[in-house]
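In: whatever this is, show me its structure:
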Amino acid sequence: METVTIENRFVRILNLFEGVTMEERMRNSFKEALMSKLRARNNEITALEAKYGMSFSEFQRAWDKDKVADKNSYEV
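Out: Predicted coordinates for the structure are as follows:
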């Protein structure tokens with residue numbers, strides 16, 4: 001196992017997370033960060049599905065069949 005030195009300012013932040021050991025707190029902080037990113041991406045997908053009136057899988061099929069207009073535009 002490798003030893004890592006953590007600055008006091010980060011220790012104070014990590015102490016806000018659940019866990020008995022610092023390793024558990026770090027793991028929980030990473031998990032929460034990842035879950036936050038996943039929620040954000042899911043919200044983006046939901047917004048795009050509402051915008052285009054179809055699920056991502058339906059959009060992908062339309063894309064593959066060249067039924068999406070302006071495929072190379074940023075907006076799509």
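
In: residue ranges in this protein under the pLDDT threshold?
Out: 74-76 (pLDDT under 70).

In: what do you get if the cut-off is 80, keeping everything else the same?
Out: 1, 70-76 (pLDDT under 80).

In: quick check: longest helix of it.
Out: helix 22-52 (DSSP state H).

In: the helix or strand that comes right after that one: which residues count as buried?
Out: On the C-terminal side of helix 22-52, the closest following helix or strand by DSSP states H and E is helix 56-64. The neighbour-count check on helix 56-64 (16 or more other Cβ atoms under 10 Å) flags residue 59 as buried. C-beta coordinates here come from the backbone N, C-alpha and C atoms, glycine included.

In: do stretch 22-36 as well
Out: So, applying 16+ other Cβ under 10 Å, buried residues of stretch 22-36: 25-26, 29.

In: now do the longest helix of the chain and helix 56-64, the angle between them.
Out: 60 degrees (axes from the mean of the first three to the mean of the last three Cα atoms, to 10 degrees).

In: show me how far helix 22-52 is from its chain's centre.
Out: 4 Å (Cα atoms, centre = their mean, to the nearest Å).

In: what is that helix packed up against?
Out: In this structure, helix 22-52 packs against helix 8-14, helix 56-64, with contacts taken as 3 or more Cβ pairs under 8 Å, 6 or more residues apart in numbering; DSSP states H and E.

In: using a markdown table, lay out these together with distance to residue 39.
Out: Formatted as a markdown table, these follow (distance: least, Cβ to Cβ, whole Å):
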| stretch | distance to residue 39 |
| --- | --- |
| helix 8-14 | 20 |
| helix 56-64 | 16 |
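
In: can you tell me which of those helices comes nearest to residue 70?
Out: Among those, helix 56-64 comes nearest to residue 70, with 11.4 Å by Cβ to Cβ.

In: show me what the closest one is packed up against.
Out: Using 3+ Cβ pairs under 8 Å, 6+ apart: helix 56-64 touches helix 22-52.

In: and residue 66, how far from residue 72?
Out: 12 Å (Cβ to Cβ, to the nearest Å).

In: who has more neighbours, those two?
Out: residue 66 (8 against 5; other Cβ atoms under 10 Å).

In: just want the phi and psi numbers for that one.
Out: For residue 66, the backbone dihedrals (degrees, to the nearest 10) come out as phi 60, psi 40.
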